[in-house]
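# Mind looking at a prediction? Sequence and model below.
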Amino acid sequence: MALAVVAWMGPGAVGLRGQSPSPDAEPAGSAAALVKTAGKPSVVRVNVTSQAWDFVRPWGKRPPLSKRAVGVVLKGQRVLVTGELVANANYVELETPDGAVKVPASIEAVDYESNLALLKAEDGGFLKGFAPASVEKAVAGDGLSVFQLENTGTVLSTRCVLSTVEVGRYPFDDAPLLLYRTTVPLQFRDSGFTLPVFKDGALAGMVMRYDNGTKSAELVPAPVIEHFLKDASDGRYEGFPRVGMSYSNMRDPQFRRYAGIPEGVQGGVYVTDVLRGGPAELAGLKAGDVVLQVAGHPVDHDGNYADPVFGRLSITHLIGRHFSGERLVFTVLRNRERMEIPIEVKPRSARQQVVEPYVVDRAPAFYLLGGLLFQELSRQYLKEWGPEWTKKAPEEFLYIDRHQAELYPEGDRKVVVLTGVLPSESTIGYESLAQIVLEKINGKPIRRVSDIPAALAQSKDGMHRIDFDSDPGTIYMDAAAVAAGDEELRRNYGIRVLNRIE
Amino acid sequence: MVLRMKRTVPILILGGLFAWGTPRGAEAQPAEIRKSLARIVNSAQEPNYRSPWVPGQTGGGTGTGWVVSKDRLLTNAHVVSNARFLTVEKENDPKKYVARVEHIAHDCDLALLKVDDPSFFKGSAPLPLGGIPEVESTVSVFGYPIGGERLSVTRGVVSRVDFQTYSHSVVDSHLCIQIDAAINPGNSGGPVLQESSVVGVAFQGYSGDVAQNVGYMIPTPVIRHFLKDVEDGRYDRYMDLSIGTFPLLNPAHRRALGLPDDDRGVVVSSVQSAGVCAGILEPGDVILSVDGRAVASDGMVELDGERVQMAEIVERKFLGDAVRIGILRGGKPQEVRVVFNRAWPYGMQATSYEAQPSYVLFGGLLFQPLTRNLMGAYQFHSPRISYYFDSFVSREVYKRHPEVVLLSGILPDPINTFLGEFREGIVDEINGRKVETLKDVADGFAQESEFYVVKFVGIGRPLVLERSAVLAARDRIRSRYNVGEEQALPGAEKVRVGKAD
């Protein structure tokens, strides 16, 4: 793979169109053709200052962090970047590649699950004259170019080959969506690797994860970008739909015989669970059903279908390609009988989950009760244990996160936990308590932080009774002492608000 | 007394060297003491949990023992654990004497040895047991540590007396004395003397990168407890209340429970349903006294003029003893009597010794009960397994799963080649029957059935094996993987258990 320094082609022409798509066409290390530029390129710098909430001390934010990345100008004078770049953004700014002009920008649409965001310059004139890039699919084996910007505004283009197209997990939600994988030696330029990737001058994807050690990059691919753009075009973004089922492969011939799959029937996956209240359950799909076809596409024994563009792909992509409200017919085998079940697909909101996979652009709910700090358990909180959070975070919380559907099948709630204690007169003797699940206050079940104030109003004999679901069981606090101590808590610890309830 | 404490566990100090020289007199020590010491050489065999049908690796180590009665030696349990062949040696005697373990107490890391040839004890007087040495007083450690082959004596000062985790079993805590004398591998089991009396048995320390000049010895109350327990010819283990308690230091908490501001009492936070207090104590009871001794709000009692943890009273009990507990329940004081009619029955969280691993192998699928030893042998990735292990007692997992049976491994064969996704699964049912123990797994597979349908906790799809396929593959799997017995169920060998506290 060669590093190619190119300038921009004439107006109307975009990116590297016309160059050889095959990176092997040039000997490695050779200088690529330099093309004189006349118009403005279809990429801009994007500067973001973000400030995440501190989930350990949920009343405050972490120090601001500045990031610089490269965005792509699309039609309608919008700029596409990754969602991660603008997460918890305080200020977003667009900058011409040469750094000559900077304008503030706003976020028009963002989807953390597909890790994409669409920006709009506040000064409408800023993007005029940028030729908008088109979006085009790439398939395994295609030559791609990753664009970075030098300080001078020169584009640094690094070529690579698209190695894999598959359904994989995205950073925020762990939700599976289509992604591209490639290996590419990227130089560290700005503070991150939100970079556009072109194929013959059209946008093929955005780098969303890059491993400096193995030089492997994961890209949000064109089909996901197209879906995002189309969804966002009506001003009401809904997200990638799902059916709410989990399934298991049906490779094992012994299992096929047990499940009563006739000899002549090929493929099929075994439904292991349907999400309560999800599209699959509402449509009547049941655990134990064997899915043979989705929307007319035969499903193989691993849950793949034959995609006309990409070949074998997980049915997750087939479902996600559609839009909220569309109906997909599932052909299933139940008790040896074939039936057709139309399922109206819908996105699953992260906020509806018991343990939210991410909490971004939003302050965490909390309640400081006389020094006892109660919060809603979220994966964002667990990630405070650092990159090794799946090993280091409290085991019980990891277990709740992982098995939330099994533990709280009824959904429609959060898990409120005591995350720590600020020593105060009210918390004498309670200092060691942390990382336990709150069950009730004054006998009222607490299913979210917003349940706490009403429960506190139910105190008996001037005492708040607090029940945890494990040791120490029950503790008490003096209601009047808690109220009287609030001012001191604020003053001593410099906390302006003692609770935040949505 | 909250059940889920984690801390740095000291390492054991068993010597790894086989070495022996001709000892000469160590000056300034009475000759009688030196005659009562023995160097113990243990040829041990560690069970193989990955391939439980094969005998384990042989290895061994050395330690120290001492004459505790006219014909018995005392040492650490970890010196003689998993022993297949034991010899003991004395100074000024070239002979190696064959020894046997008479009693072994893994919960307090002590063992009593017999020597086949009575002439071993000729000229060796039992060392007398002393009391608890004063903090700051000087003690001498005798033993055969690494760094040489002869008897070594080091001196140190008693640094503190406290409850400590005994790392041999990991789950047990007893009184423990910290000294600043150098205690090194091989010292294990050796006596610590003060004024010609044994005041402890050297048994564990920290490696140099954790803490320096920290050695631990088992004090005489624990030694005496062990010796008294085995007087009837059987070791019954330490007794335990199997409850969780929470200190009552918070004024509002005290008022809510109707307690005066007198720094007295701890509240019961949990009562193990498999423990001796089940049905007698309830969460919310306030423990005011134990055997008539006032319990302070931090859980301490006064015993022999010292403030010690409430558990220390229970530490002195034996099987069949009772304890009187003064409680406040619903604002009314009352006294309950708890009889220690059994030791804590579920020991999977403790490191186990002596017992051979139990297992069932069926269709190349290896089923094993979850234990600390199994956790050590495998690197499980499933968070469910860690959760079931760590909360086995605190969440009473034992009520549904007295044994947590895992599909721990698969011997690959065409009949199980598609079953890899079930590895690390916890068995819930076989052919519709709940699995509570490994025996239920063996029984389930012993039933004749066209299909064996195994359900795992939290996995929506069952594992299915056809009987005909399993039978056809049986000899193939056994010979390909050199499997001896296809199952070993816990039977005559008593699986040792630790404490819940």
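It's in. Everything numeric here is computed off the predicted structure, so don't read it as measured data.
# Does stretch B:402-422 reach chain A?
Yes. Counting by Cβ under 8 Å from any Cβ of the partner chain, chain A has neighbours in stretch B:402-422: B:415, B:418-419, B:421. Glycine gets a C-beta too; all of them are placed from N, C-alpha and C.
# my guess is residue A:316 is in a helix, correct?
Yes. According to DSSP: H, G, I helix; E, B strand; the rest coil, residue A:316 belongs to a helix.
# Just give me the neighbour total for it.
20 (other Cβ atoms under 10 Å in any protein chain shown).
# How much space separates it from chain B?
Between residue A:316 and chain B the computed distance is 17 Å (Cβ to the nearest Cβ, to the nearest Å).
# Quick one: residues contacting that residue.
A:167, A:176-177, A:242, A:303 (Cβ atoms under 8 Å, 6 or more residues apart in numbering or on different chains).
# Of those, which is the nearest to chain B?
For the contacts of residue A:316, the minimum distance to chain B (Cβ to the nearest Cβ) is 12.4 Å, reached by residue A:303.
# Please name the nearest non-neighbouring residue to residue 341.
Assuming you mean chain A. Spatial nearest neighbour of residue A:341, chain neighbours left out: residue A:330 (4.7 Å); criterion: Cβ to Cβ, 6 or more residues apart in numbering or on different chains.
# wrong one, I was asking about chain B
Counting by Cβ to Cβ, 6+ apart, the residue nearest residue B:341 is residue B:276, at 6.6 Å.
# Helix, strand, or coil at that neighbour?
Residue B:276 - assigned by three-state DSSP - is coil.
# mean confidence score for stretch B:112-123?
The average pLDDT for stretch B:112-123 rounds to 94.
# Could I get the buried residue list for it?
Residues of stretch B:112-123 classed as buried by neighbour count (16 or more other Cβ atoms under 10 Å in any protein chain shown): B:112-115, B:120-121.
# Please name the nearest non-neighbouring residue to the residue in chain A positioned nearest to chain B.
Closest approach between chain A and chain B, counting by Cβ to the nearest Cβ: residue A:272, at 2.5 Å. Distances taken as Cβ to Cβ, 6+ apart put residue B:460 closest to residue A:272, at 2.5 Å, once the chain neighbours are dropped.
# Just to check, that neighbour is in contact with residue A:273?
Yes. Using Cβ atoms under 8 Å, residue B:460 is in contact with residue A:273, at 4.6 Å.
# who touches both of these two?
Joint contacts of residue B:460 and residue A:273 (Cβ under 8 Å, 6+ apart) are A:246, A:287.
# between these two, which one's more packed in?
residue A:273 (23 against 18).
# residues in contact with the more buried one?
Residues near residue A:273 by Cβ under 8 Å, 6+ apart: A:245-246, A:287, A:405, B:460.
# what's the spacing between it and residue A:405?
For residue A:273, the distance to residue A:405 (Cβ to Cβ, to the nearest Å) stands at 7 Å.
# Tell me how many other residues crowd residue A:435.
16.
# pLDDT score for it?
We have a pLDDT of 96 for residue A:435.
# can you count the residues close to the nearest residue to it once chain neighbours are set aside?
Nearest residue to residue A:435, sequence neighbours excluded (Cβ to Cβ, 6+ apart): residue A:394, at 4.2 Å. Number of residues near residue A:394 (other Cβ under 10 Å) recorded here: 18.
# re the thing from before, mind checking which of the residues of stretch B:402-422 next to chain A are in strands?
Taking DSSP state E, every one of the residues of stretch B:402-422 next to chain A sits outside strands.
# For residue A:116, state which of these is nearest.
residue B:421 (32.1 Å; Cβ to Cβ).
# ok, the closest one - contacts?
So residue B:421 contacts A:248-249 (Cβ under 8 Å, 6+ apart).
# Show the pLDDT at the spatially closest residue to residue B:118 that is not a sequence neighbour.
Closest residue in space to residue B:118, ignoring its immediate chain neighbours: residue B:71 at 6.4 Å, by Cβ to Cβ, 6+ apart. We have a pLDDT of 94 for residue B:71.
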